[in-house]
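**Q** Provided below for reference: sequence and predicted model.
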Amino acid sequence: MKTKLLFTALLLAVCSWSALGQNGLGLRVGMNMGTVLNTYQGNDHPNSSRLPSTGINIGIFGNVGGKVVSFSPGLTISTKGVTIVGTGDYKGTLSKIRLNYLELPLLLRITMGQNKLTGYIHVGPYGAFMFSASTKYKDEDGKNVDKIDLSDSDIGMQRFDVGAILGGGVQYQLGPGRLFVDLGFSFGFIGLSKEKPYPDYKSELNFVPTLALGYMLVFGEL
C-alpha cells in the first residue's frame, strides 16, 4: 500500500511538473574561442605564445522541468584547440591545433523573469569524445610545412574528456518557442596528452569560451 501511494504521488508530481513547465527541444549554433591551460609552474614553451583558436559549436538540446528550474541535456559537435605563435628563435612560425569533439552536456538550468524577455543561467558537467584532431604548421616564410593527424593512436593524445560548463543568456518569446543568445565557458578536467615527457609535467587542459545563438520549441506554457 505504501509503495502504491508513493508511486502515485511521484507520478502526480511528475505530471504537475511537466504541465507547469516549459519542456522543449532546441538547436544552437555558436563560435568557440578555444585555448589550453597548463598547470605547470615553469616555462616549458619559452619560444612560443598562445592565442585562442576559433571553432564551431553546433548541437541539439532538450529542456525538461519547471518554469524556474529545469534539466537540459544535449549533444554537441565542438571544435576546440589552440594557436601557438613562435617567438625568439622561432619567430614567424605558427601552429594551429584543432580538436573535434562529440560532447554530451548535462546542465541544470535556472530561468529568471516572467515576461517575453527572460534570462537564465546553466551549470553542469559534460563528457566528450575526440573523434578527430590535426595540427597545421607554418614556417617563418608563411608556408604550410606539415599537417599531422593527432588522432593517430601513436601520437598519444587523450581521446576522452570530462569537465564543467558554466554560462547564461537571454531569451525572447517568438512564435511557438524562444529565440536565445548565450555566453558560456567549458573547463576540461582531463589532460590532452597521455604521456609525460618529464616527471613534473602537467598536461594541457581544454578551456573554451563559447558564444551561441539558437531557438527552442516549447511544449508547454510559454
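**A** Okay, I see it. Residues are numbered from 1 along each chain as shown.

**Q** the helices in this protein, which residues?
**A** Secondary structure of the chain (DSSP state H): helices at 2-20.

**Q** quick one, strands of it?
**A** 22-37, 48-51, 53-65, 69-86, 94-112, 117-138, 144-149, 160-174, 177-188, 205-220 (DSSP state E).

**Q** ranking those strands by mean pLDDT, which is last?
**A** Mean pLDDT is lowest for strand 144-149 among the strands of the chain, at a mean of 60.

**Q** what bridges to residue 133?
**A** Beta-bridge pairing for residue 133 (DSSP bridges): residue 99.

**Q** count residues in the vicinity of residue 69, would you?
**A** For residue 69, the count of nearby residues is 12 (other CB atoms under 10 Å). Placement of C-beta: from N, CA and C, glycine included.

**Q** out of everything not next to it in sequence, what's closest to it?
**A** In this structure, residue 69 finds its nearest non-sequential neighbour in residue 110, 5.8 Å apart by CB to CB, 6 or more residues apart in numbering.

**Q** tell me the pLDDT at the closest residue to residue 193 other than its chain neighbours?
**A** Closest residue to residue 193 apart from its sequence neighbours, by CB to CB, 6+ apart: residue 203 at 4.3 Å. Per-residue confidence (pLDDT) for residue 203: 73.

**Q** going forward, the N-terminal residue is numbered 12.
**A** From this message on, residue numbering opens at 12, which makes the last subject residue 214.

**Q** just checking, residue 214 touches residue 200?
**A** No - taking CB atoms under 8 Å as the definition, residue 214 is not a contact partner of residue 200, at 11.1 Å.

**Q** more neighbours: these two, which one.
**A** The neighbour comparison of residue 214 against residue 200 (other CB under 10 Å) goes to residue 214, with 18 against 12.

**Q** how near is the more buried one to residue 112?
**A** Separation of residue 214 from residue 112 (CB to CB, to the nearest Å): 16 Å.

**Q** swap in residue 223?
**A** Using CB to CB, residue 223 is found at 15 Å from residue 112.
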